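> Provided below are the primary sequence and the corresponding predicted coordinates.
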Amino acid sequence: MNALLAFCRSVDWLTERIGRSLYWLLLVAVVISTVNAIVRRAFDMSSNAYLEAQWYLFAAVFMLGAGYAFLHEQHVRIDVLSSRLSRRTQVWIAVVGVALFLLPLCVGVAWMALPSLMTAIETNEVSANPGGLLRWPLYALVPLGFSLLALQALSELFKRIAFLAGRAGDPHAKPETRDEELLIEELRKEAEDKARADAERIAAATPAPGGRA
């Protein structure tokens, strides 16, 4: 089990590095889009390569970032029913879902995408648009992205099994209240206590109606 947990830490580290690197692809896509718009407006010039580069970058962020989203539980979830279950039951559902559905899906899609990728490489396939880009890097994102997602799925599966076996903590337990949040709550209570004390002092100093000044 210790070896599996070490594997999980390595996979999580790799996924984290890849996910944070993808931030820069978003920046590059924005820069390309901005330059393309300026050139088109100012010089009445454009290029399909610029447009396709934006699509490629977006596809790279989407495909290669799936594992990162899974690591941080930012994927789409429906918790209407599972939120009412115990934490162990939720983890069991996640184990079954990853083992029986997610992992077979990742392996199947990655495997079926390989023939198209190999054909694109052998034929040096290029976009049909004038000035378009090579297609094989785009095709390569499918098996690569699903392979990375499968790798992270294995990590999540092992971490949950370790939790169920009592060999590790809950991999996605809700974080405890941070120091900043505790400080804000303390300041709020102090402000409420001070306002209450001021109100009581003012009320005590105000003469009752009909009383003597």
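Now that the structure is in, tell me what you want to look at.
> Can you name the helix or strand that the spatially most central residue of the chain falls in?
Centroid-nearest residue in the chain: Ala69, 2.6 Å away (criterion: CA atoms, centre = their mean). Secondary structure from DSSP states H and E places Ala69 in helix 66-71.
> can you point me to the longest helix in the chain?
Longest helix in the chain by number of residues (criterion: DSSP state H): helix 2-43.
> I'd like to know which elements it is packed against.
helix 48-64, helix 66-71, helix 136-164 (3 or more CB pairs under 8 Å, 6 or more residues apart in numbering; DSSP states H and E). In short, each C-beta sits where N, CA and C put it, glycine included.
> Show me how far the first one is from its chain's centre.
Read that as helix 48-64. 19 Å (CA atoms, centre = their mean, to the nearest Å).
> Kindly format the C-alpha coordinates of it as PDB.
Only the C-alpha atoms of helix 48-64 are listed here, as PDB (Å, rounded to 0.1, in the frame of the first residue of the first chain):
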ATOM      1  CA  ASN A  48      -6.000  30.600 -41.000                       C
ATOM      2  CA  ALA A  49      -2.900  29.500 -39.100                       C
ATOM      3  CA  TYR A  50      -3.600  32.000 -36.400                       C
ATOM      4  CA  LEU A  51      -7.200  30.900 -36.100                       C
ATOM      5  CA  GLU A  52      -6.300  27.200 -36.000                       C
ATOM      6  CA  ALA A  53      -3.600  27.900 -33.500                       C
ATOM      7  CA  GLN A  54      -6.200  29.200 -31.100                       C
ATOM      8  CA  TRP A  55      -8.300  26.100 -31.600                       C
ATOM      9  CA  TYR A  56      -5.300  23.900 -31.000                       C
ATOM     10  CA  LEU A  57      -4.400  25.700 -27.800                       C
ATOM     11  CA  PHE A  58      -7.900  25.500 -26.500                       C
ATOM     12  CA  ALA A  59      -8.000  21.800 -27.300                       C
ATOM     13  CA  ALA A  60      -4.700  21.300 -25.500                       C
ATOM     14  CA  VAL A  61      -6.000  23.000 -22.400                       C
ATOM     15  CA  PHE A  62      -9.300  21.100 -22.500                       C
ATOM     16  CA  MET A  63      -7.700  17.700 -23.100                       C
ATOM     17  CA  LEU A  64      -4.500  17.900 -21.100                       C
END
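> Much appreciated, bye for now.
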